[in-house]
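Participant: Got a predicted structure plus its sequence, pasted below:
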Protein chains: 2
Amino acid sequence: MSKYIVAIDLGGTSAKMGVLNENAEIIDRWSVPTDISQEGTLIVPNLVKAVQAFLNRENISIEEIKGIGLGTPGTINHEEGTVVSAYNLNWDKVQHVRDQFQKAFPVPFFMDNDANVAALGEQWQGAGEQADNVVMVTLGTGVGGGVVIDGQLVHGINQAAGEIGHMTIEFHDPIDCTCGKKGCLETVASATGAVNLALKHIDDFDGQSELKSMIQEGKDISAYLIFKTAEDNKDAYALYVVDLYVDYLARALSHIANTLNPAKLILGGGVSGSGEFLRSKVENYFKLYTFSQIKETSKIVIAQLGNDAGMFGAAQIVNNGLKK
Amino acid sequence: MSKYIVAIDLGGTSAKMGVLNENAEIIDRWSVPTDISQEGTLIVPNLVKAVQAFLNRENISIEEIKGIGLGTPGTINHEEGTVVSAYNLNWDKVQHVRDQFQKAFPVPFFMDNDANVAALGEQWQGAGEQADNVVMVTLGTGVGGGVVIDGQLVHGINQAAGEIGHMTIEFHDPIDCTCGKKGCLETVASATGAVNLALKHIDDFDGQSELKSMIQEGKDISAYLIFKTAEDNKDAYALYVVDLYVDYLARALSHIANTLNPAKLILGGGVSGSGEFLRSKVENYFKLYTFSQIKETSKIVIAQLGNDAGMFGAAQIVNNGLKK
């Protein structure tokens, strides 16, 4: 009987692999290094070998596998089962990922973008608590996103749904974004964005501040330092920067909530490590900007699964795919 | 054989009623006045009578009806099949709408909010061209919205999805909104919003303008006048106001598009009567604010069905409901 799902969360350094049983429990997990040499052409064969080795090692027959799910960087063509433009994998050229898996394993194979599968993982087994409608915003080096409606990922007409990091959020005095636009959420609400704000607004602030002194002395600062100095030391300039940061983030979340009224708006990624300190401050602005019937029902929450979100999401795309 | 759908678009003045065949053609249509006396308790009985009269008149048996769909103002409880807070119907108290229909007709009955059914109607038989993902924004006295994902209306955790008119869009110098917030899209991009902008910004503009003179002479102005004077007379202040209007609207549309990458963003309601003049100007700003892969694929279009959108949508909620 088919009862296991093989879930793979592929990244530029390693692929996290896991096997889930029907109760969504991870019964085995391991990781394999990502070898991006030879234009990344070894990556999928290595994943296939790793799955084969697991089956042999555990003496599990392929008939016991319901399906294989993969979360991957890059742009996915769902019809063709291909991936391209995954630069951290050296995948400049189109990779026939699904074909390679299906040649090796006669079981259903599904894949999706890594930001999307992380959102689905949190919706299913994390902070989303299996609510039908959930939006996740990942506050890392950049800002990513994933939108789950009726338990399914939304892809959009050009596979670009969830580009929340490129929502234009500052119109008056915008910072240039790597995407070619100006004023994107990512320029002010990523880890990099927090640093951008600290550097940009230094002359707006007159008081005493350890953070301000560090910047003036030319020391390196980080989002982690800004949030830590704000929370632990009540550093006045750090608190000022955090206030700008959470205001921008709340604007974006309010736009999403006013459109979709999701049960949960999940904050993930490195900056979300700041936890309740971040969440409560974002929520204060969010309530100012969000329609009355929505602000009390669309909840801002912190992600719970950390690095496992991708693996759970990769498993759930198998469940969702088999349901369709 | 069940082949007909009865579709009802209930409004404060009249209910538009139609019967659609399996090819989505309206084979019969009529309207009945909405009698809001006696706290609106006559409304549903009158709709029931009108459906019964149609069946008798056309000698159609109830077995030939696949289902009945109703678009209604107010807040709907889908589980209970009730409507409340439809003030233009005098429905201050909870109305057991579904029970009344199902007592009279032993066929499936579905209902949804009027803004939602209009969006679904346009998605299905209008400018949406049956694309999976479509968002409609209605620019009337207020600004309404409806979100269709995977061909189905999105309701949200508190039935408040699509409150696009209450997206906060002006943060620096916001106008108070009737909802209790400030800076809502509705305060600047409804018909009322266009007038708000014309009154608010009059001192920003120094040149010659018929519109400005009218305002200074205390004459009544309207969104229609502003857009007409801008398009036909190239009135400089009217063009200035239209530029502010389309910029705000484009910001909201870009937020929606960056989140959902829908195939179509449909502009409906009275102001959308300005057609291509409006659409092209909104698109110019939209492209500035929207992620590269989205701005070329999420198209801004003008609604096509006018007042029939609600009737088509009321029919399609029957089709969608029966599929589930």
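Facilitator: Structure's in. What do you need? Numbers count the residues shown, from 1 in each chain, chains lettered A, B, ... in the order given.

Participant: For A:A236, give its distance to A:V188.
Facilitator: 20 Å (C-beta to C-beta, to the nearest Å). C-betas here are computed from N, CA, C, even on glycine.

Participant: Neighbour count: the two, which is higher?
Facilitator: Comparing A:A236 with A:V188 by other C-beta atoms under 10 Å in any protein chain shown, the one with more neighbours is A:V188, at 26 against 18.

Participant: lowest-pLDDT helix or strand in chain A?
Facilitator: Counting by mean pLDDT, DSSP states H and E, chain A has its least confident helix or strand at strand A:75-77, which shows a mean of 91.

Participant: Give me the sheet partners of that one and which way each runs.
Facilitator: Applying DSSP bridges, strand A:75-77 is found paired with strand A:82-84 (antiparallel).

Participant: which parts of the partner strand are buried?
Facilitator: Under the neighbour-count criterion of 16 or more other C-beta atoms under 10 Å in any protein chain shown, strand A:82-84 has A:T82, A:V83 buried.

Participant: who in the stretch 101-250 of chain A is up against chain B?
Facilitator: Residues of the stretch 101-250 of chain A lying close to chain B by C-beta under 8 Å from any C-beta of the partner chain are A:131-133, A:135, A:145, A:147, A:149-150, A:152, A:154-164, A:166-168, A:171-172, A:179-181.

Participant: Select only the buried ones of those in ChimeraX?
Facilitator: Of these, the buried ones go into a single ChimeraX selection, burial set by 16+ other C-beta under 10 Å:
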select /A:131,132,133,135,145,147,149,152,154,155,156,157,158,159,160,161,162,163,164,166,167,168,171,179,181
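
Participant: which ones among the residues of the stretch 101-250 of chain A next to chain B are found in strands?
Facilitator: A:V135, A:G145, A:V147, A:I149, A:Q152 (DSSP state E).

Participant: so what's the closest residue to A:G151 other than its chain neighbours up against?
Facilitator: Closest residue to A:G151 apart from its sequence neighbours, by C-beta to C-beta, 6 or more residues apart in numbering or on different chains: A:D132 at 5.7 Å. A:D132 makes contacts with A:V148, A:I149, A:D150, A:G151, A:A263, B:I157, as judged by C-beta atoms under 8 Å, 6 or more residues apart in numbering or on different chains.

Participant: Find the nearest non-adjacent residue to the second one, please.
Facilitator: By that I understand A:I149. In space, and not counting its chain neighbours, A:I149 is closest to B:I149: 4.7 Å by C-beta to C-beta, 6+ apart.

Participant: next one: the fifth one
Facilitator: The spatially closest residue to A:A263, leaving aside those adjacent along the chain, is A:A131, at 3.4 Å (C-beta to C-beta, 6+ apart).

Participant: That neighbour and A:L260 touch, don't they?
Facilitator: No - contact criterion C-beta atoms under 8 Å: A:A131 and A:L260 do not qualify, at 11.6 Å.

Participant: ends of stretch A:102-114, how far apart?
Facilitator: In stretch A:102-114, first residue to last residue: 20 Å (C-alpha to C-alpha, to the nearest Å).

Participant: how close does A:R279 sit to chain B?
Facilitator: A:R279 sits at a distance of 18 Å from chain B (criterion: C-beta to the nearest C-beta, to the nearest Å).

Participant: Ignore what I typed, I meant A:Q208.
Facilitator: 29 Å.

Participant: With A:D173 instead?
Facilitator: With C-beta to the nearest C-beta as the criterion, A:D173 and chain B are 11 Å apart.

Participant: Torsion angles phi and psi at that residue?
Facilitator: With angles defined as degrees, to the nearest 10, A:D173 sits at phi -140, psi 60.

Participant: got a list of what the spatially closest residue to A:V84 that is not a sequence neighbour touches?
Facilitator: The shortest distance from A:V84 to any non-neighbouring residue, by C-beta to C-beta, 6+ apart, is to A:V94 (4.7 Å). Listed by C-beta under 8 Å, 6+ apart, the contact partners of A:V94 are A:N77, A:E80, A:T82, A:V83, A:V84.

Participant: same thing with A:Q52?
Facilitator: The contact partners of A:Q52, taken as C-beta under 8 Å, 6+ apart, are A:A104.

Participant: pretty sure A:V154 is touching B:I256, no?
Facilitator: No - counting by C-beta under 8 Å, A:V154 sits too far from B:I256 to count as a contact (11.9 Å).

Participant: Turn the contacts of A:D132 into a markdown table, including pLDDT and distance to B:M311.
Facilitator: Formatted as a markdown table, the contacts of A:D132 follow (pLDDT from 0 to 100; distance: C-beta to C-beta, whole Å):
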| residue | pLDDT | distance to B:M311 |
| --- | --- | --- |
| A:V148 | 98 | 32 |
| A:I149 | 98 | 26 |
| A:D150 | 97 | 25 |
| A:G151 | 97 | 30 |
| A:A263 | 98 | 32 |
| B:I157 | 96 | 28 |
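
Participant: ok, the residues you listed vs B:G268, which is closest?
Facilitator: Of all the contacts of A:D132, B:G268 sits closest to A:I149, with 21.9 Å by C-beta to C-beta.

Participant: list the contacts for that closest one?
Facilitator: Counting by C-beta under 8 Å, 6+ apart, A:I149 makes contact with A:D132, A:N133, A:L260, B:I149, B:D150, B:V154.

Participant: try A:A131
Facilitator: Applying C-beta under 8 Å, 6+ apart, the residues near A:A131 are A:Q123, A:P262, A:A263, A:K264, B:I157.

Participant: Which members of the residues you listed are positioned in strands?
Facilitator: Per DSSP E, the contacts of A:A131 map to strands at A:K264.

Participant: possible to save the contacts of A:A131 as a markdown table with distance to A:K212?
Facilitator: Output for the contacts of A:A131, formatted as a markdown table (distance: C-beta to C-beta, whole Å):
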| residue | distance to A:K212 |
| --- | --- |
| A:Q123 | 40 |
| A:P262 | 38 |
| A:A263 | 40 |
| A:K264 | 36 |
| B:I157 | 42 |
